[in-house]
Structure formats: C-alpha cells, structure tokens
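**Student:** Kindly return the folded structure for what I paste below:
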Amino acid sequence: MDRSVDFSLYLITDRRQVPSGDLVGAVRQALEGGVRAVQLREKDLCAAELFPLALELRDLTRRYGAQLLLNDRIDVALAVAADGVHLGGHSLPIVEARRLLGPGKLIGVSTHAPAEISDARRSGADFVTFGPVYPTPSKTPFGAPLGLDSLREACRSAPLPLFALGGVTPERLSELRSAGCNRVACIGAVLRAADPGATARAFTQGLSPATSRTGEQEAPA
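**Tutor:** Alright, predicted model coming up:
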C-alpha cells in the first residue's frame, strides 16, 4: 500500500476558467510545467459527461507520472482507476469513502479549521486543503478568507499534509512559506494564465520539495 502525498502543487480543475475553453490542453501545459497531482472538479457534469473527461485526464496524468483525483465521484474514480478522491462537506463520510475505495487510494478533504483537520486525520484522510486563505471570487459566498494567521495555526498543528487554497499565486509563496506552508492548491492562477506551463513552473520553483513521504510539513525557510 502506497498512499504517499509526494507532491507540493495540487491543481484543481474548473473548465469555465480556461480562456480557450480547452481544459485538457491547459492541464497538459500545467503537467509540462511540473504539476504532479490534478483534481478533476467539474461539479456540474453528470457521470456520463464526466467519465470521458476523466478517462482522458487519466491517460494524460499517467503519461506525466502525475496523480489524478476525482472530486466527490467515487464511482467515476473507480471506473477510470484514478488515484483517489477529494471530499467536501457534503460528500460521503471519509470512513465510507475508504471502505469503497480500499486501502491503496488517496483521500483528500477540504477543511476550514484546525479541528476539521484533526477529524479528517482520525477518519482516514491522507491530506487536506485549507482555505480560503486569500480573497477569491469562487469562495466569496462562503464568507471572509481565513488569512495567514489561521493558516499558520493550522500548519503548526496539522497531523497530515496541508495544502493552502484560495487566492494562491506564485507571488504569495514567500509569505505562505513564512506561515509554515510548503504545499499549495490552486485553480485560476494556473488555468486562467496565458501560459499555464510557465505559471506551474513558477509555483514548483517557489515551493520547497514536498518533504517526507511520511507527510510531515517542512519547517519554513
């Protein structure tokens, strides 16, 4: 069993944010730029629409040695032999997702407070996203951003790998690392970019290596 979280940049998809409309092309460029984990998150697509896209991304991520996770859709994840799933507040409980997926698949979980991170770990999650850290249009309906102080507190006590999410850009990596976070998740910063590959490279160059395969955060530089 190998559920190593051995990536530091986690790309989350949203085809509506790709200026050209070519999501697969944008993901390919991001993979060329160093992305090694992709979450397929197209919530408005039904299983019949999501399945062929997931198959295409499964083939693409394999070619680049990257991991593919499906947002919420355990059925589609199993059908395309994805590497795991990402769960949110309205998903199946983590323990049920683990039962369905088996021991070898990754489970990521969206969190917004340190207590949720601890709960995710106890329930069997492998990593979490934490945010939104900064203001971002996609999270405006959910209230104010959590900010760097909350991120610092979460990183200090996180018992598993934590990815900062929400308004994350290459220009903000220095202050994120100063808060103790060496892993980030992003959507628009890469997908809206004129050159997703160059933006992905800027992220990977600005992040320290993704630490241990045990999942501990590195100390801030």
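**Student:** only C-alpha atoms for contact and neighbour calcs from this point on.
**Tutor:** OK.
**Student:** What segments of this protein are strands?
**Tutor:** 9-12, 37-40, 67-71, 84-87, 106-111, 127-130, 162-164, 184-186 (DSSP state E).
**Student:** got the angle between the fifth one and strand 67-71?
**Tutor:** When you say that, I think you mean strand 106-111. Relative orientation of strand 106-111 versus strand 67-71 (axes from the mean of the first three to the mean of the last three C-alpha atoms, to 10 degrees): 50 degrees.
**Student:** Parallel or antiparallel, list what pairs with strand 106-111.
**Tutor:** Strand pairing for strand 106-111, determined by DSSP bridges: strand 84-87 (parallel), strand 127-130 (parallel).
**Student:** out of those strands, which comes closest to residue 189?
**Tutor:** strand 127-130 (16.1 Å; C-alpha to C-alpha).
**Student:** so how far is that closest one from its chain's centroid?
**Tutor:** Centre-to-centre, strand 127-130 and its host chain are 8 Å apart (C-alpha atoms, centre = their mean, to the nearest Å).
**Student:** what does it contact?
**Tutor:** 5, 107-113, 117, 120-121, 151, 160-165, 185 (C-alpha atoms under 8 Å, 6 or more residues apart in numbering).
**Student:** Swap in 6 Å and give it another go.
**Tutor:** Strand 127-130 is contacted from outside by 108, 109, 110, 111, 112, 160, 161, 162, 163, 164, 165, using C-alpha atoms under 6 Å, 6 or more residues apart in numbering.
**Student:** now swap in stretch 136-156 and tell me
**Tutor:** Stretch 136-156 is contacted from outside by 114, 132, 133, 134, 135, 166, 167, 179, 180, using C-alpha under 6 Å, 6+ apart.
**Student:** which one of the residues you listed sits closest to residue 40?
**Tutor:** Checking these one by one against residue 40 (C-alpha to C-alpha), the nearest turns out to be residue 166, at 16.7 Å.
**Student:** got the residue ranges for the helices in the chain?
**Tutor:** 23-32, 47-63, 74-79, 94-101, 114-123, 147-157, 173-178, 188-191, 196-206 (DSSP state H).
**Student:** Highest mean neighbour count out of those?
**Tutor:** helix 188-191 (a mean of 26; mean count of other C-alpha atoms under 10 Å).
**Student:** how about that one as PDB, C-alpha atoms only?
**Tutor:** What follows is helix 188-191, C-alpha atoms only, in PDB (Å, rounded to 0.1, in the frame of the first residue of the first chain):
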ATOM      1  CA  GLY A 188      -7.400  30.100 -11.500                       C
ATOM      2  CA  ALA A 189      -3.800  31.100 -11.000                       C
ATOM      3  CA  VAL A 190      -2.800  28.300 -13.400                       C
ATOM      4  CA  LEU A 191      -5.900  27.700 -15.500                       C
END
